[in-house]
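*Asks:* Here is a sequence together with a model predicted from it:
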Amino acid sequence: MKKDHQVNEESKNKQLETFRARDYEHSMTTNQGLKISEDEHSLKAGTRGPTLMEDFHFREKMTHFDHERIPERVVHARGFAAHGEFEVYESMKKYTKAGFLQEPGTKTPVFTRFSSVAGSKGSAETVRDARGFAVKFYTQEGNYDLVGNNIPVFFIQDAIKFPDLIHAVKPEPHNEMPQAASAHDTFWDFVANNQESAHMVMWQMSDRAIPRSFRMMEGFGVHTYRFVNDQGEAHFVKFHWKPKLGAHSLVWDEAQKINGKDPDFHRRDLWESIENGNFVEFELGVQLLEEKDEFKFDFDILDPTKLWPEEDIPVKIIGKMTLNRNVDNVFAEMEQVAFHPGSVVPGIDFSNDPLLQGRLFSYTDTQLIRLGGPNFHELPINRPVCPFHNNQRDGYGRQTINVGQTHYHNNSLSNNKPDTAPEEDGGYVHYQEKVEGRKVQARSDSFKDHFSQARLFWNSMSDAEKEHIIAAFSFEIGKVNDMNVRKQAVDMFANVDMNMATQVADAVGVEAPTDVTQSSESKSSPALSQENTAKVPDTRTVAVLIADQFDDEALEPFLKASLDAGMTVNIVSEKFGKLTGKNGATVDVDETLLTVHSVLYDALYVVGGQAKQQQKFDADVADFVNEAYMHFKPIGSAPAAEGLMEKTKVKPGPGILMDLKVSGEGEQWVEAVAHHRFWDRNIYA
Ligand code: HDD
């Protein structure tokens, strides 16, 4: 029986529709369907008397409310998700029999959740942290979950250490501080005493850990997986998601301020992009390795603290994911979605990476407590779009009414149904890797080099990225109270780069490392630097700082060029309402200098004008501009804003477009915005 993989990408949406309830179209009832006549006053013995037990509506409403929280995810509690589809560009038939990867053009519904790792459910979003990147593909052969991060390596090599890592990074147990931050004693104590973390910590201290947007970060499956084709031949594979908008980051000072100005910055960005029709695109890439090449590298391909340099093993782009639909209900969809790296389809298999092996246990286990029992697969968001049948029964919240006398296998009463499927009919058969070995609790010697790739990463960074890493180490280790832990952490990173560690030592007040040998790795991988990423103006946010009697001749062509290039423009003034230009053009104010802040925008255009409170307006605009300047952002100013600009710190230099009167497509402006940040601006001059 051949399956049709040309799935309608709407299949998941259609399935979800059968569960949607539009309460707002109906009268109120109890959960038993009884119409309710009163929802303001509980049933009392007299208007001033006690509430009566028989008020079943009060009891039901209150009981439900009392139980409406579930445990947050033990990690990745703070996140946001969207629906979309995945489309194949190139058949992977040669490598895998996975049905959804066979034919170019095949579309599969997906649900993708991005998250930060350490913070709790209500934490701010632009913290320094890895970001989760979990994709559920609803294929015709069952759900396939690619549960990755925006960093291609991990802190530890063996899953048994995961509880230790997470205990160390989460708020400290005696005072529950700090929230959503790795800048504290226990994290750095863990790092210094578990040096396998070196490579990932380098990424964590880099700009990668403060992404500008969920839409502007890469995703990685991290582990080595296997593709298996219909001949039973296997390739090792690593998965990559490449954002069409490129990988871009915030500045640390900006990230911290955003956490106050808009703690929902990343989810708002994702939500609004989709609402505005700016659908979010990531291309899926694979690195493929023949089995015979398993031992060809100077690292172990099973070690999750190692990446495969793209220059050595190219990333083949095989398809594209487009996120194009926001959820209807955050709890029902995002909170109840259950990902699991063990959810695979025929043609995708595991490797012996000991981190992956442990994850295969942990995810179902965590859902049992988080979602309250073994039937979480029946929740609408988790249901496969293909049928599912087995002899599993009962348990809390069971919804399926399994009909029939038998629920065991083998049986004769039901003709041995549901029966297993042979491989040729789509039955999953584990890859028959030959394994030999003694039962030992040990780490392979091939996993013991912790610093070469940490240095490869360092070697690959631009000067600006290196500066940011040194500043991040200085901040984080500077927040550690125990001087001994500070010293251990600094010493550890002298293995990566002595000069870097010496600068950090100086900043955090410990002695420079002496007895440490820096890694001799001399290679670099240009693909690891965000300097080499895609730079486009699309969806960049621009604030226009403006008041009445503005220069309409400057504004109009500017707006046109910016909007044509796909930017989102906000008119920001001292108060809401309409502004009128010198020549009579009018413009509506979108935000005020009170409701928004410089850190919430990618770029500024200063137009100025006559404000009601001119002095205050000028001072607020100067603050706005100065922040953007210190955050290396593109700033343009209209000729009439010259006086206003003189009140700011801004000096001519990279990304500063004074007297900007856009004409035509405004190439210079568009290019500046696409450039993202001008790191070569000397902000202290
Ligand atoms: Fe994990 C959640 C990614 C190692 C145990 N993990 C979780 C999520 C992501 C990752 C993206 C959030 C899924 C969602 O949005 O619901 N985890 C990773 C990556 C890892 C990794 C890329 C290393 C390569 N994780 C890892 C290990 C263990 C776990 C080694 C335990 C052995 N992870 C969990 C968990 C979570 C989880 C406790 C918490 C909530 C959940 O699973 O559903 O089971």
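*Replies:* That came through, no problem. Numbering: from 1, shown residues only.

*Asks:* What's the local residue count around R20?
*Replies:* Using other C-beta atoms under 10 Å as the criterion, R20 is surrounded by 11 other residues. Backbone N, C-alpha and C define where each C-beta goes, glycine included.

*Asks:* For the closest residue to it other than its chain neighbours, pull up the helix or strand it's in.
*Replies:* Nearest-residue entry for R20: D328, 6.3 Å, with adjacent residues in sequence omitted and distances by C-beta to C-beta, 6 or more residues apart in numbering. Per DSSP states H and E: D328 is located in neither a helix nor a strand.

*Asks:* and the stretch 251-400 of the chain, which residues reach the ligand?
*Replies:* Residues of the stretch 251-400 of the chain found near the ligand (C-beta under 6 Å from any ligand atom) are 304, 337-339, 355, 358-359, 362-363, 366.

*Asks:* brain fart, the stretch 1-150 of the chain
*Replies:* The stretch 1-150 of the chain comes close to the ligand at residues 73-76, 79, 113, 115, 132, 134, 147-149, as judged by C-beta under 6 Å from any ligand atom.

*Asks:* can you pick the most crowded of the residues you listed?
*Replies:* Sorting those by how many neighbours each has (other C-beta under 10 Å) puts N149 first, at 26 neighbours.

*Asks:* List only buried entries from the residues of the stretch 251-400 of the chain next to the ligand.
*Replies:* 304, 337-339, 355, 359, 362-363, 366 (16 or more other C-beta atoms under 10 Å).

*Asks:* Show only the entries of those found in helices.
*Replies:* 355, 359, 362-363, 366 (DSSP state H).

*Asks:* coming back round to it: give me the neighbour count for the residue nearest to R20.
*Replies:* Residues lying near D328 (other C-beta under 10 Å) number 14.

*Asks:* Report the separation between it and A82.
*Replies:* Noted for D328: a distance of 12 Å to A82, by C-beta to C-beta, to the nearest Å.

*Asks:* What's the local residue count around the residue of the stretch 501-650 of the chain found nearest the ligand?
*Replies:* Taking C-beta to the nearest ligand atom, the ligand has its nearest neighbour within the stretch 501-650 of the chain at L528, 17.4 Å off. Using other C-beta under 10 Å, L528 is surrounded by 25 other residues.

*Asks:* Can you check what pLDDT the model gives it?
*Replies:* Here, the pLDDT recorded for L528 equals 98.

*Asks:* can you pull the contacts of it?
*Replies:* 456-457, 460-461 (C-beta atoms under 8 Å, 6 or more residues apart in numbering).

*Asks:* again with G653
*Replies:* So G653 contacts 678, 681-682, 685 (C-beta under 8 Å, 6+ apart).

*Asks:* With R113 instead?
*Replies:* So R113 contacts 79-81, 132, 134, 334, 337, 339 (C-beta under 8 Å, 6+ apart).

*Asks:* give me that answer again for 7 Å
*Replies:* 79, 81, 132, 134, 334, 337 (C-beta atoms under 7 Å, 6 or more residues apart in numbering).

*Asks:* what kind of secondary structure is the nearest residue to G221 once chain neighbours are set aside in?
*Replies:* Of all residues not flanking G221 in the chain, F239 sits nearest, at 3.3 Å (C-beta to C-beta, 6+ apart). Secondary structure, DSSP: H, G, I helix; E, B strand; the rest coil: F239 is strand.

*Asks:* partners of F239 in the sheet?
*Replies:* Counting by DSSP bridges, F239 forms beta bridges with V286.

*Asks:* returning to what we had before: what's the spacing between the residue of the stretch 501-650 of the chain closest to the ligand and K487?
*Replies:* L528 sits at a distance of 29 Å from K487 (criterion: C-beta to C-beta).

*Asks:* about what we covered before: among the contacts of R113, name the ones in strands.
*Replies:* Of these, the ones assigned to strands by DSSP state E are 79, 81, 132, 134.

*Asks:* hang on, the earlier thing: and the residue of the stretch 501-650 of the chain closest to the ligand, how far is that from L245?
*Replies:* With distances taken as C-beta to C-beta, L528 is found 18 Å from L245.

*Asks:* same question, A619
*Replies:* 34 Å.

*Asks:* neighbour count winner among these two?
*Replies:* Neighbour count, other C-beta under 10 Å: between A619 and L245, L245 has more, with 26 against 13.

*Asks:* got a list of what D55 touches?
*Replies:* 42-43.

*Asks:* 10 Å instead?
*Replies:* 38, 41-44, 61-62 (C-beta atoms under 10 Å, 6 or more residues apart in numbering).

*Asks:* same deal with R681?
*Replies:* 629-633, 635, 650-651, 653-656.

*Asks:* Give me the secondary structure label for it.
*Replies:* Once three-state DSSP is applied, R681 turns out coil.

*Asks:* Pop the domain breakdown of this protein in here.
*Replies:* Residue ranges for the domains of the chain, per automatic domain parsing: 2-39, 73-378, 535-675.
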